[in-house]
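> What would the 3D arrangement of this be:
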Amino acid sequence: MNEKVPLNLFTPRSYQKPIIDAIENKGYKRVICILPRRAGKDITAFNIMIRAAMRTIGVYFYVFPTYAQGRKVILDSLTNDGKRFLDFIPSSLIARTNSTEMKIYLINGSLMQLVGSDSYDN
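As a prediction, the model looks like this:
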């Protein structure tokens, strides 16, 4: 895929920038984010996952404590600005979605899936 698609729908806050910088530019594989409620931890991580999925073809799991919580946070909730989480993925990058299994197939072949750690057998 030679065409560049801007992933600029997310504007990180000042305290989210070091998290993104550590993963995107410094090559960290893991980071620990200690932030208060409503500080944008999920939206930051979700946008990092979108970028990784577009950069390298693979299967990407976003793991929540429960399956229901994953649906509530990513598929049903809104950000402070009133945007849905899925709106951060440009529609031109989405091949198809399966909301029942909480899967997002991207045009480059990557798969993003929301899962719950409570039902690891599934």
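> Grab the longest helix from the protein for me.
Assignment by DSSP state H gives helix 41-55 as the longest helix of the chain.
> name the helices or strands packed onto that one?
Counting by 3 or more C-beta pairs under 8 Å, 6 or more residues apart in numbering; DSSP states H and E, the packing neighbours recorded for helix 41-55 are helix 17-24, strand 59-64, strand 111-116. (C-beta placed from N, C-alpha, C; glycine too.)
> Now do the contacts for the spatially closest residue to Ile74 that is not a sequence neighbour.
Leaving out its chain neighbours, the residue that sits closest to Ile74 by C-beta to C-beta, 6 or more residues apart in numbering is Phe85, at 4.7 Å. Contacts of Phe85 were listed using C-beta atoms under 8 Å, 6 or more residues apart in numbering, and they are 42-43, 46, 73-75, 77, 79.
> Next, format the residues you listed as a markdown table and append distance to Ser110.
Supplementary listing: these in a markdown table, determined by distance: C-beta to C-beta, whole Å:
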| residue | distance to Ser110 |
| --- | --- |
| Asp42 | 19 |
| Ile43 | 19 |
| Phe46 | 14 |
| Val73 | 21 |
| Ile74 | 16 |
| Leu75 | 18 |
| Ser77 | 23 |
| Thr79 | 23 |
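> Would you mind finding the most buried of the helices and strands packed on helix 41-55?
Greatest average neighbour count among the helices and strands packed on helix 41-55 goes to strand 111-116 (a mean of 19), per mean count of other C-beta atoms under 10 Å.
> quick one: that strand to strand 59-64, angle?
Interaxial angle of strand 111-116 relative to strand 59-64 (axes from the mean of the first three to the mean of the last three C-alpha atoms, to 10 degrees): 20 degrees.
> Strand 111-116 - which strands sit beside it in the sheet, and in what orientation?
Take DSSP bridges as the rule and strand 111-116 pairs in its sheet with strand 59-64 (parallel), strand 103-106 (antiparallel).
> Over to Glu101. Which of the three states is it?
Three-state call for Glu101 (DSSP: H, G, I helix; E, B strand; the rest coil): coil.
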